[in-house]
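Visitor: Sequence first, then the predicted structure, then my questions.
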Amino acid sequence: MPTSEIYVTKPKVYLLGRQQVVSEELKRFLDDEGLAFATDTEIPAEILNEIAGRTCYMSFGKGRKSNREYLENILESKHGSVLEHAVWNLLITGVSRSLTHELVRHRAGFGYSQLSQRYVDESEAKYVIPPLYQESSELLELWQKAIECARKAYAELAEATVRYVQESHPEIPARDRRKWARQAARSVLPNACETKIFVTGNARAWRHFLEQRGSPHAEAEIRRLAVEVAKVLRQESPNLFGDIEITNGADGIPEVRVQHSKV
């Protein structure tokens, strides 16, 4: 793999899943209860959040008329549990193992599926350059030398381990021998090793992630990820994420600001 293809400088976020409203069942519920309900948004997550909130007080057809007004009140009142009914599935690439060690600490409202280093050969893995080293060619050169040593060590160790397991445990299937070798050899891989992770989160969980990890106090790489996630979710649901702003950080890295904090 050419050197220019080994190193990654920024994350990518792919929106792979969003909800839909089962209109027939919504109509059946409204008919059974003798209710009328209409909303001015076509975004399923926003519709479902409004329905969830109105169910609490059976306030269908009453009070605030627009979805934006209704959800704005939810955010201002910090009734965050209502936001847990809106869900998005994001596939994230171009991030380091160091970042995902922090990401998976966000437990409530999230689900994760991450690339397995036990099964995937990392001989051709990419590596994420820390933002700080992207500022200095001298530091970057030192960092790249360390990465190249780790890459070479992994490839040599994995190959040697496969031979050892084959000789010592010939009864083990070839696929399992490779797994044994990779799960042992990965111990020398650095935290900068690029990974891919599929993340499912509800609106409340995503807002918490954006507030915590988009902060100027957050680690630089995960802050960049928070900015990319914020771009996706603001476009997906303006009424749920419209109070989230992306601004220029003092250190030159964008940051996320949340108007309605700790919902």
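Guide: Everything's here; your move.

Visitor: Just the residues contacting the strand or helix carrying residue 94, thanks.
Guide: Taking DSSP states H and E as the definition, one finds residue 94 inside strand 87-96. By C-beta atoms under 8 Å, 6 or more residues apart in numbering, the residues outside strand 87-96 that reach it are 8, 10-19, 45, 103, 126-128, 191-203, 206, 221, 225, 229, 232-233, 236. Yep, even glycine has a C-beta here, placed from its N, CA and C like the rest.

Visitor: Could you list which of those belong to helices?
Guide: 45, 103, 203, 206, 221, 225, 229, 232, 233, 236 (DSSP state H).

Visitor: Let me have these in JSON lines, adding distance to residue 28 and neighbour count as columns.
Guide: Listed next are the ones in helices among the contacts of strand 87-96 as JSON lines, based on distance: C-beta to C-beta, whole Å; neighbours: other C-beta atoms under 10 Å:
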{"residue": "45", "distance to residue 28": "21", "neighbour count": "26"}
{"residue": "103", "distance to residue 28": "39", "neighbour count": "20"}
{"residue": "203", "distance to residue 28": "25", "neighbour count": "27"}
{"residue": "206", "distance to residue 28": "30", "neighbour count": "29"}
{"residue": "221", "distance to residue 28": "48", "neighbour count": "24"}
{"residue": "225", "distance to residue 28": "41", "neighbour count": "26"}
{"residue": "229", "distance to residue 28": "35", "neighbour count": "26"}
{"residue": "232", "distance to residue 28": "33", "neighbour count": "16"}
{"residue": "233", "distance to residue 28": "31", "neighbour count": "25"}
{"residue": "236", "distance to residue 28": "27", "neighbour count": "18"}
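
Visitor: Pull the most distant pair out of these.
Guide: 45 and 221 (27.7 Å; C-beta to C-beta).

Visitor: from the contacts of strand 87-96, which would you call buried?
Guide: Neighbour-count burial (16 or more other C-beta atoms under 10 Å) applied to the contacts of strand 87-96 gives 8, 11, 13, 45, 103, 126-128, 192-203, 206, 221, 225, 229, 232-233, 236.

Visitor: I'd assumed residue 118 was in a helix, is it?
Guide: No - counting by DSSP: H, G, I helix; E, B strand; the rest coil, residue 118 is not part of a helix but coil.

Visitor: The residue nearest to it when sequence neighbours are not counted: which element?
Guide: Excluding its sequence neighbours, the residue lying closest to residue 118 (C-beta to C-beta, 6 or more residues apart in numbering) is residue 183, at 4.2 Å. According to DSSP H and E, residue 183 maps onto helix 174-185.

Visitor: Just checking the distance from that helix to the centre of its chain.
Guide: Computed by C-alpha atoms, centre = their mean, to the nearest Å, the chain-centroid distance of helix 174-185 equals 28 Å.

Visitor: for stretch 121-132, same thing?
Guide: On C-alpha atoms, centre = their mean, the centre of stretch 121-132 falls 18 Å from the chain's centre.

Visitor: Make residue 1 into 40 and carry on from there
Guide: Fine by me, first position is 40 from now on; the one you just mentioned is stretch 160-171.

Visitor: which other residues reach it?
Guide: For stretch 160-171, the external contacting residues (C-beta under 8 Å, 6+ apart) are 40, 44-48, 133-135, 137-138, 178-179, 182, 186, 190, 193-194, 197, 217, 221, 225, 228-229, 231-233, 259-260, 263, 292.

Visitor: Quick check: end-to-end length of it?
Guide: The straight-line separation of the ends of stretch 160-171 (C-alpha to C-alpha, to the nearest Å) is 28 Å.

Visitor: what's the average pLDDT for that stretch?
Guide: What stretch 160-171 shows for mean pLDDT is 96.

Visitor: pretty sure residue 147 belongs to a strand, no?
Guide: No - Residue 147 is assigned coil when assessed by three-state DSSP, not a strand.
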